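1. with the sequence up front, the predicted model follows.
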Amino acid sequence: MLTYTLRKLLMLIPMLLVITFLIFVGLELTPGDAVSYMVGPEAMANMSQERLDELREALGLNDPFIVRYLRWLGRALRGDFGYSLTSGVPIKDIVFSRLPATLELSLAALLISTLLGSILGMVSALRKGSILDVSLTVAGMIGVSIPQFFFALVSILIFSFKLGWLPSGGRTMPGYTTFLDRLPHLILPALVLGITMTAGVMRYSRSSMLDALSKDYIKTARSKGLPEWRVNLLHGFRVALTPVVVLVGFRLPMLIGGSVVVEQIFQWPGIGKEFVAAVRGQNLPLVMMIALFSVTAVLVASFLVDLLTALLDPRIRLE
Amino acid sequence: MSRTRAARLNRKMDRLKMLEKEGLLKSREGSRAVGKFLQNKLAVVGLIVFALILLSSIFAPLITKYDPAMIDLRSRLSPPSREHLFGTDKLGRDVFARVLYGGRISILVGFGGALGAALVGVSLGTYAGYKGGWLDKILLRVSEIFMSFPQIILVLLLVSILGQSLWNLLVIFTITGWGSVYRMTRSQMLSIREEEYVQALKAFGLSDGLIAYKHMLPNALGPIMVNLTLSTAMFILEETALSFLGLGVPLQIPTWGNILNAAQDLTILQEAWWIWVPVGLVISAFVLSINFIGDGLRDAVDPTQQG
């Protein structure tokens, strides 16, 4: 297990180094440097060229490329990701202040899609080939074909404007203190995100359940005379669910990407909305760092999934 | 098995053998996939809807007399009528005409992006999958890097670096999409590489490029076509999402996403449903039809994938 972990780690680290290097190249290519952010255009006009060069030299901006990269990487590892172009706020603060909202939304959507997807997938597998199975499969295809934002818009129109049941956006209001106050704001975006993710989970759990049902221990359980629901639920579904939950659980970081559009529509103050705003405002340092952050989260999560599956299934380690 | 049935099967086998001898089986093989596809009701429905929407976009000038860019301030925000089938938008432009003409760009971007990704992915994957070695290793790592980004994050990152335009969007879709095509083609080639005819070709002394592209690639085309279809659907959805956010195709060009962009305005969303609901339904129907076709194709070319 240890050698397997080390081998996976040896694959992860070079990937991260290449990606950080690419991000750094991107940052270097963007117009302006640290001096132009620090000094401001008016002060810069009054400063002599020598003074500017001195500043650049003092900040280490004239060092060779690779030295600057390593210095930047060292700072990033210590948690210093630079500053937002538009507001001057440290990027670290922006990311960490937005993260809870995104996590809240993603976890809720994940819960909805896992529950709904695994149950529907199970039912579909148990009634394989029936009208129910076919219509669930078709419903799943319809689900992945409707643009997510169109689904969101329709649900806002119906549930916020026509019926007036739920707020159309935002996360908190002045005077909100507990999670329960915020809950009505969470329901609609979480449902939209969760339902659009359900189709994938359903497909996966259906095939996982079919696989489990074809195993010998199911026949054994049946021949022992156990009632059908016990066979299906306790022996089939429980086993089929494990890979589904493991996989779904670690898809969480991918949701930072998945929630970009939903956060924008519901004005949900998470990382996705911040990202769209940064792209619109040509705030490249922030764009780059959020991308770096999300890709790191994805890579670390897939590293953990690899370890976990190797832990559950020893054959993988020997591969 | 009853005796008559066995005899019948035997006769069938004999007939097939005879056909094979005469070299007639090959043409039948082609029609088998087509027949299988046509048996799939959903795929046929998909094909009809797909053709309907595609043709009405292409022949838009014959269907509507309105110019999608013509501003008519006297009839702003008018609901659907016989005059304007889908009503008019904030500037009095005919929404039906905009949906028809918008389809041209949206379908072009979706298909173009998928085609670009397929061209790059297939041409790299065919050679690297056949040859293996350092080239394959490097390309595999590079594609891994591209694929570890959440898709929309990478697309938006590239939009902010390259800027917004129709061409840039095609380039961006190619950059984000080639990785998965590369991996699929490569794995196809890896399994074809073990076939005996490839060994024979090698023994004849044919060049690597000729073996890979001329003799092996055609046998991998089935899954590639399926992938091309399904990624067209995905890129159409991505274009509409990006344009909806105002970050896709520049706003003055009508596309499906740009029409829906108007619904970011809460009064439009609430009061003028005809501007955004019909186009949303058209997108959904079109993407669904492509997905049905893709599924039918997959069943037709690769029976092992059936679930």
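-> The structure has been received and is ready for your questions.
2. and the pLDDT for B:F111?
-> pLDDT recorded at B:F111 is 93.
3. I misspoke; the intended subject was A:L59.
-> 65.
4. quickly find the element holding B:R15.
-> Secondary structure assignment for B:R15, by DSSP states H and E: helix B:3-22.
5. buried residues of that helix, list them for me.
-> Neighbour counts over helix B:3-22 (16 or more other C-beta atoms under 10 Å in any protein chain shown) mark no residue as buried. Backbone N, C-alpha and C define where each C-beta goes, glycine included.
6. the bottom helix or strand of chain A by mean pLDDT?
-> In chain A, the helix or strand scored least confidently by mean pLDDT, DSSP states H and E is helix A:34-39, which has a mean of 58.
7. circling back to that earlier point, got the CA coordinates for the helix holding B:R15 in PDB?
-> Presented in PDB, the C-alpha positions along helix B:3-22 are these (Å, rounded to 0.1, in the frame of the first residue of the first chain):
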ATOM      1  CA  ARG B   3     -34.900 -30.800 -35.200                       C
ATOM      2  CA  THR B   4     -36.600 -28.500 -37.700                       C
ATOM      3  CA  ARG B   5     -35.100 -25.500 -36.100                       C
ATOM      4  CA  ALA B   6     -31.700 -27.000 -36.200                       C
ATOM      5  CA  ALA B   7     -32.200 -27.800 -39.900                       C
ATOM      6  CA  ARG B   8     -33.300 -24.300 -40.600                       C
ATOM      7  CA  LEU B   9     -30.300 -22.800 -38.900                       C
ATOM      8  CA  ASN B  10     -28.000 -25.100 -40.800                       C
ATOM      9  CA  ARG B  11     -29.600 -24.000 -44.100                       C
ATOM     10  CA  LYS B  12     -29.100 -20.400 -43.000                       C
ATOM     11  CA  MET B  13     -25.400 -21.000 -42.200                       C
ATOM     12  CA  ASP B  14     -24.900 -22.700 -45.600                       C
ATOM     13  CA  ARG B  15     -26.400 -19.700 -47.300                       C
ATOM     14  CA  LEU B  16     -24.200 -17.300 -45.400                       C
ATOM     15  CA  LYS B  17     -21.100 -19.400 -46.300                       C
ATOM     16  CA  MET B  18     -22.100 -19.300 -49.900                       C
ATOM     17  CA  LEU B  19     -22.500 -15.500 -49.900                       C
ATOM     18  CA  GLU B  20     -19.200 -15.200 -48.200                       C
ATOM     19  CA  LYS B  21     -17.600 -17.200 -50.900                       C
ATOM     20  CA  GLU B  22     -19.000 -15.000 -53.600                       C
END
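8. report all helices and strands that it contacts.
-> helix B:25-39 (3 or more C-beta pairs under 8 Å, 6 or more residues apart in numbering or on different chains; DSSP states H and E).
9. contact partners for the residue of the stretch 201-319 of chain A found nearest chain B?
-> Closest residue of the stretch 201-319 of chain A to chain B, C-beta to the nearest C-beta: A:G257 (2.4 Å). Applying C-beta atoms under 8 Å, 6 or more residues apart in numbering or on different chains to A:G257 gives the contacts A:G272, A:S294, B:F149, B:P150, B:Q151, B:I152, B:I153.
10. so the fourth one touches A:S294, yeah?
-> Just to be clear, that refers to B:P150. Yes - taking C-beta atoms under 8 Å as the definition, B:P150 is a contact partner of A:S294 at 5.6 Å.
11. what about those two, which has more around it?
-> Shown here are B:P150 and A:S294; by other C-beta atoms under 10 Å in any protein chain shown, A:S294 has more neighbours (27 against 23).
12. OK, contacts around that one?
-> A:P253, A:I256, A:G257, A:I271, B:F149, B:P150, B:I153.
13. in PyMOL, select just the buried ones from these.
-> Command for PyMOL that selects the buried part of these, burial taken from 16+ other C-beta under 10 Å:
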select buried, (chain A and resi 253+256+257+271) or (chain B and resi 149+150+153)
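14. farthest-separated two in the contacts of A:S294?
-> A:I271 and B:F149 (14.3 Å; C-beta to C-beta).
15. helices or strands up against the longest helix that chain B contains?
-> In chain B, taking DSSP state H as the definition, the longest helix is helix B:95-131. If contacts are counted by 3+ C-beta pairs under 8 Å, 6+ apart, helix B:95-131 sits against helix B:41-58, helix B:60-63, helix B:133-148, helix B:166-192, helix B:208-209, helix B:217-244, helix B:256-261, helix B:273-301.
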